[in-house]
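> Task: produce atomic coordinates for the following.
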Amino acid sequence: MVEPRLRVLLDGTPLLGARTGIGRYTASLSEELASLSDVDMRAVAFTLRGWRKLRHALPHGARARGMPVSARLLRQCWLRSVFPPVELFAGRADIVHGTNFVLPGTLRAAGVLTIHDLAFLDNPEELAPSDHDLPALVRRGAARADVICTPTAAVADAVATRLDVARDKVVVTPLGVDAAWFAARPPNQELRDRLDLPSKYLLFVGASGPRKGLDWLTRAHDSAPDLPPLVFSGPGPHASGKRARHVGYLSDVDLRSVVAGAAALVLPSRDEGFGLPVLEALACDVPVVCSDIPALREVADGHARLVPHGDVTALAEALREAVSDPHAASLSAARRAHAAGFTWRRCAETTVTAYRQALG
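The predicted model follows:
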């Protein structure tokens, strides 16, 4: 029996502006969904200004819709009711997918909500002022959603327990690694000169923020002058100095080269929902050091050095071990094979399974 074609309305707001993890997830998922014959995908942006840019951020042929309304005003409305329903602005849909923690109001469509992590519950004081209502919004969305998607089983279990929803309502939709990462090469001289990269360096990739553990990383690095310099890539303020350099937000092409040229990648997060840089580094055959927390333990699956969060001595020693990694053929093959198991097509297919569960 042929399944009917799904009319999916995706929250494409994360596609606007510089893309960090959620933006990359939304972009890659939308590209794969647009290529599936059983999905008719549209995207909508919730922003007063700039929503017209969405059409240029979507895959070829995908249609864009806008809600030229303040996102803050919409959130206040959706905290209390499903009005205004997104279908009023974007047309009928079978599924409305909130890709970034917030489930839009719906009229008849089934609701699917992606919850990437629960950092907003653990440390609400670290939220931006514009996100002060996020905990209440997510709780309401989780209760109203027909299905919740999470990137790891660790987050799925936490969502079920802490947001008081049935575990079988939560579907794990692991993120993917673009094929280009497996062909990435270290930076050429032109890129090294442009970014002022050291000949050998440790690398952190991601936005800055308290939960990323950068203070811990800086203390560990300062305690070990024998380690290579530290390079930070990503938006936001990062440490800089004689032994640390911030190269800013990089294009996808430049980022792949910078990762491929690192002596090791380090992700010292206090909290993560997935940790995509871990897999991307493994795809490049770059050793990885990360904090020993449930999501990173699940994603790395034995292919990274895990360190108890906050242990300065242990982190410095793990970085030393990673830098002296012999890149043995067996380690290289295992790292790359593990990363190859995570594809955006698989992410899209498990998401479509979640859509059909929501309708069922």
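> would you list every one of the helices in the stretch 151-300 of the chain?
153-162, 189-195, 214-222, 252-260, 276-283, 294-300 (DSSP state H, counting those that start in this stretch).
> most tightly surrounded among the ones you listed?
helix 276-283 (a mean of 27; mean count of other C-beta atoms under 10 Å). Placement of C-beta: from N, CA and C, glycine included.
> Report the angle between it and helix 252-260.
Using axes from the mean of the first three to the mean of the last three C-alpha atoms, to 10 degrees, the direction of helix 276-283 lies 70 degrees away from that of helix 252-260.
> what sits up against helix 276-283?
If you take C-beta atoms under 8 Å, 6 or more residues apart in numbering as the criterion, helix 276-283 is touched by 21, 24, 175, 177, 181-182, 184, 205-206, 256, 259, 262, 265, 267, 287-288, 290, 296, 299-300, 303-304, 335-336, 338-340, 342.
> mind redoing it with 6 Å?
Applying C-beta atoms under 6 Å, 6 or more residues apart in numbering, the external contacts of helix 276-283 come out as 21, 175, 177, 181-182, 205, 259, 265, 267, 288, 290, 299-300, 303, 335, 339, 342.
> Okay, now the unreliable bits of the protein?
1-3, 50-51, 66-67, 240-241, 326-330 (pLDDT under 70).
> Could you tell me which of the contacts of helix 276-283 are located in strands?
205, 265, 267, 288, 290 (DSSP state E).
> Just name the closest of those to S70, please.
V205 (32.1 Å; C-beta to C-beta).
> Could I get the contacting residues of that closest one?
233-234, 277.
> how long is stretch 113-130 end to end?
Chord length of stretch 113-130, first to last residue, is 20 Å (C-alpha to C-alpha, to the nearest Å).
> ok so, going back, specify which member of the contacts of V205 is nearest to G12.
Nearest to G12 among the contacts of V205, with distances taken as C-beta to C-beta, is G234, at 21.9 Å.
> Relative to V205, how far out is that closest one?
6 Å (C-beta to C-beta, to the nearest Å).
> same check, this time on C77
36 Å.
> same question, G261
12 Å.
> Equivalent analysis for F274, please.
From F274 to V205 the distance is 13 Å (C-beta to C-beta).
> of the contacts of helix 276-283, buried ones?
21, 175, 177, 181-182, 205, 259, 265, 267, 288, 290, 299-300, 303, 335, 339, 342 (16 or more other C-beta atoms under 10 Å).
> what residues go with each domain of this protein?
6-176+343-359, 179-340 (automatic domain parsing).
> Give me the neighbour count for the nearest residue in space to V102 that is not next to it in sequence.
Spatial nearest neighbour of V102, chain neighbours left out: L137 (5.4 Å); criterion: C-beta to C-beta, 6 or more residues apart in numbering. Residues near L137, counting by other C-beta atoms under 10 Å, number 19.
> Assumed L137 was part of a strand.
No. Counting by DSSP: H, G, I helix; E, B strand; the rest coil, L137 falls outside a strand, being helix.
> didn't it look like it was pressed against F101?
No. Using C-beta atoms under 6 Å, L137 is not in contact with F101, being 7.2 Å away.
> okay, now R211: neighbour count?
R211, neighbours per other C-beta under 10 Å, totals 16.
> oh, and call the first residue 30 from now on, that's how I've got it
Fine by me, first position is 30 from now on; the one you just mentioned is R240.
> Quick one: residues contacting it.
So R240 contacts 148, 299-300 (C-beta under 6 Å, 6+ apart).
> try 7 Å this time
148, 152, 155, 298-300 (C-beta atoms under 7 Å, 6 or more residues apart in numbering).
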